[in-house]
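Trainee: got a sequence here, can you build the structure:
(2 chains)
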Amino acid sequence: LEEVVIPGEIIGKAGDFMTGHGTYERGDTIRASIVGTVQKTSKLMSVVPIKSKYRPETGDVIVGRISSVESKMWKVDIKSVHEGRLMLTAINLPGGEQRRRSEEDKLHMREFFAERDIFSGEVQSVNPNDNVANIHTRNLKYGKLLNGFLVSVHSHLIRRMKHHFIQLGKNIRAILGLNGYIWLYYDPNP
Amino acid sequence: MARLEYLTPEGLRLDGRRPLEVRTIRCKIGLFSQADGSAYVEMGNTKVLASVYGPREVSMKSRAEHDKAILSCEFSMATFSTGERRRKGKGDRRTAETGLLIRKAFESVILTHLFPSSQINLYVQVLQADGGELCAGINAISLAVMEAGIPMRGFVVACAAGYLAGTPMADPNYTEESVGGADLAVALLPKSGKITTLHLDTKLPVDQFERVLHVAAEGCRAIHQILRNELLQHTMSLAESRGVSQPTNNSIISCSCSRWSTSREFWPPDGKPLRVQHVEKED
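Mentor: I've put the predicted structure just below:
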């Protein structure tokens, strides 16, 4: 049985547990700071939120939308607190070229991804200070997405699975981004 | 022309309430899918809508703080919210002040240090104004911030108390407010009693201040019970739909099938509040 708590409620004693996500310490008590269910794992007390923004983790498959083009990188909307970063060095050049990115490439960034483009990628790393995700598309299955539908759902509804590129029917495919963006498209050659 | 009796000899106010009684509270959580958190609160005839966006990227990079999230609050009143049609919904000094007070009420409570270089926007829209808009706004924002999953130290609840006919009165309505007597609005964390914002309109005799403050604080606690129940009900139904099993805490007063939860805290004339029957986790 899981206990639902709201901010300010006491969930444990400070000495017995370490404070995890969704909790804070006050005096000698540990209290919940968000609405959610209490999760006790050995010495760690945390509260799993009922609803929260997507928190990127390394290895997450995501579907993102380019929000701006900066010098040597793109800023990506991934429905989390901060926008993700897609570095120029983290994409596959068309034609599968493997070379150092030059100054010329910097000037032609919009040819790869422009504003409002949708693409699939993977979280390479998450900056521990500010939780900014660094995204890469260095795999043939990732890249710009065209001719399909973007559906936005709560990130809680997408579980971490082995395969995020799934087949829904004979020709219909979906990419389930862990951040809550789902890309549906028609594949003429199944 | 008969003069208005703010307190009849029987001890009843203009709308039939007792001096320490707060108005009927109704609330609804999670109205908008586009906002990160939203709530609607009715306190008597005052109706306010709150929505919260954030934490998200700061729109103006110059305002970003490297170690915490910046908080902003916009308070506006719909043109149809007051008796006479309002020309300007926001941008005047009164609404700017109210917005500032709401922001101050949450600045110390929201754990902004967890979201460096980001911003949290609070929006309050008054749909119908019958007194106590600041308090209703704070209550609605409290629910909305919790619904958004933004970490807070506790549940901020607000209630006002007026001083009319020599008596402190809890939660004055528009008629009682417009008399020109003192109006003390208090926002606090009910369990610890710590005050996050306090606003006094006009003047109050110093020796009466403690009394009026106490009445407002007790009004806050009464409102807290009702809002807390609605929040727990809303959360449990969400948790159930996600497949999380039922909780063990027994602190729900009533479970109603209707989508509104309404209740009234009624206090007997001797001034002692009726203790509600649920078990509360105490400090």
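
Trainee: measure the residue of chain B found nearest chain A to B:C73 for me?
Mentor: Residue nearest to chain A within chain B (CB to the nearest CB): B:G154, separated by 3.0 Å. Just so you know, the C-beta spots here come from the backbone N, C-alpha and C atoms, and that holds for glycine as well. Between B:G154 and B:C73 the computed distance is 18 Å (CB to CB, to the nearest Å).

Trainee: up against chain B, what does chain A have?
Mentor: Residues of chain A lying close to chain B by CB under 8 Å from any CB of the partner chain are A:1-10, A:22, A:24, A:26, A:29, A:31, A:33-37, A:49-53, A:81-83, A:129-130, A:156.

Trainee: among these, which ones are buried?
Mentor: In the residues of chain A next to chain B, burial by neighbour count holds for A:3-9, A:22, A:24, A:31, A:33-37, A:49-53, A:81-83, A:156, counting by 16 or more other CB atoms under 10 Å in any protein chain shown.

Trainee: sort out for me which of those residues are in strands.
Mentor: Under the assignment DSSP state E, these contribute A:4-5, A:24, A:31, A:36-37, A:49 to strands.

Trainee: and which of the residues you listed is nearest B:Y123?
Mentor: A:P49 (21.8 Å; CB to CB).

Trainee: shouldn't A:R159 be within a strand?
Mentor: No. Counting by DSSP: H, G, I helix; E, B strand; the rest coil, A:R159 is not found in a strand; it is coil.

Trainee: let me see the backbone angles for the residue in chain A that chain B sits nearest to.
Mentor: In chain A, the residue that lies nearest chain B is A:G8 (3.0 Å; CB to the nearest CB). Backbone torsions of A:G8, given as degrees, to the nearest 10, read phi 100, psi -20.

Trainee: what residues are up against it?
Mentor: A:G8 makes contact with A:31-32, B:152-155, B:189, B:191, according to CB atoms under 8 Å, 6 or more residues apart in numbering or on different chains.

Trainee: quick one: which of the residues you listed is nearest B:G16?
Mentor: B:F155 (29.0 Å).

Trainee: quick one: secondary structure of the closest one?
Mentor: B:F155 - assigned by three-state DSSP - is coil.

Trainee: neighbours around it, how many?
Mentor: 24 (other CB atoms under 10 Å in any protein chain shown).

Trainee: residue contacts, it?
Mentor: B:F155 neighbours (CB under 8 Å, 6+ apart): A:6-8, B:142, B:146, B:189-190, B:224, B:227-228.

Trainee: got CSV for these, with pLDDT and distance to B:A217 too?
Mentor: Output for the contacts of B:F155, formatted as CSV (pLDDT from 0 to 100; distance: CB to CB, whole Å):
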residue, pLDDT, distance to B:A217
A:I6, 91, 20
A:P7, 94, 19
A:G8, 93, 16
B:S142, 97, 16
B:M146, 96, 21
B:L189, 94, 11
B:P190, 91, 8
B:H224, 96, 10
B:L227, 96, 15
B:R228, 95, 16
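
Trainee: which ones among those are found in strands?
Mentor: Counting by DSSP E, the part of those found in strands is B:L189.

Trainee: B:T82 contacts B:A129, doesn't it?
Mentor: Yes. Counting by CB atoms under 8 Å, B:T82 touches B:A129, with 5.1 Å between them.

Trainee: which one's more surrounded, these two?
Mentor: Between B:T82 and B:A129, B:A129 has the larger neighbour count (other CB under 10 Å), namely 21 against 15.

Trainee: how close does that one sit to A:L88?
Mentor: 53 Å.

Trainee: do the same with A:R99
Mentor: Counting by CB to CB, the separation of A:R99 from A:L88 is 12 Å.

Trainee: between the two, point out the one with more neighbours.
Mentor: A:L88 (17 against 7).

Trainee: please report the distance of that one from A:E103.
Mentor: A:L88 is 11 Å from A:E103, by CB to CB.

Trainee: moving C-terminal of the helix or strand bottoming out on mean pLDDT in chain A, what's the next helix or strand?
Mentor: The weakest-scoring helix or strand in chain A, judged by mean pLDDT, DSSP states H and E, is helix A:103-107 (a mean of 83). Using DSSP states H and E, the helix or strand that follows helix A:103-107 in sequence is helix A:109-112.

Trainee: quick one: that next one to chain centroid distance?
Mentor: Taking the mean of its C-alpha atoms, helix A:109-112 sits 23 Å from the chain's own mean (CA atoms, centre = their mean, to the nearest Å).

Trainee: may I have that helix as CSV, with CA atoms only?
Mentor: Coordinates of each C-alpha in helix A:109-112 appear next as CSV, following Å, rounded to 0.1, in the frame of the first residue of the first chain:
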residue,chain,number,x,y,z
MET,A,109,23.3,24.6,-39.6
ARG,A,110,19.8,25.4,-40.8
GLU,A,111,20.3,22.9,-43.6
PHE,A,112,20.6,20.2,-41.1
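
Trainee: and that helix, which residues are buried?
Mentor: Result for helix A:109-112 [16+ other CB under 10 Å]: buried residues A:109, A:112.

Trainee: now the element after that helix, going C-ward?
Mentor: Next along from helix A:109-112, by DSSP H and E: strand A:118-126.

Trainee: so for the helix or strand following that next one, mean pLDDT?
Mentor: Note on strand A:118-126: by DSSP H and E, the next helix or strand toward the C-terminus is strand A:133-136. Average pLDDT, strand A:133-136: 96.

Trainee: strand partners of strand A:133-136, parallel vs antiparallel please.
Mentor: Partners of strand A:133-136 in the sheet, by DSSP bridges, are strand A:84-87 (parallel), strand A:118-126 (antiparallel).

Trainee: quick one: is the helix or strand containing B:A50 near chain A?
Mentor: Using DSSP H and E, B:A50 sits in strand B:46-57. Yes. Residues of strand B:46-57 are located near chain A by CB under 8 Å from any CB, namely B:54-57.
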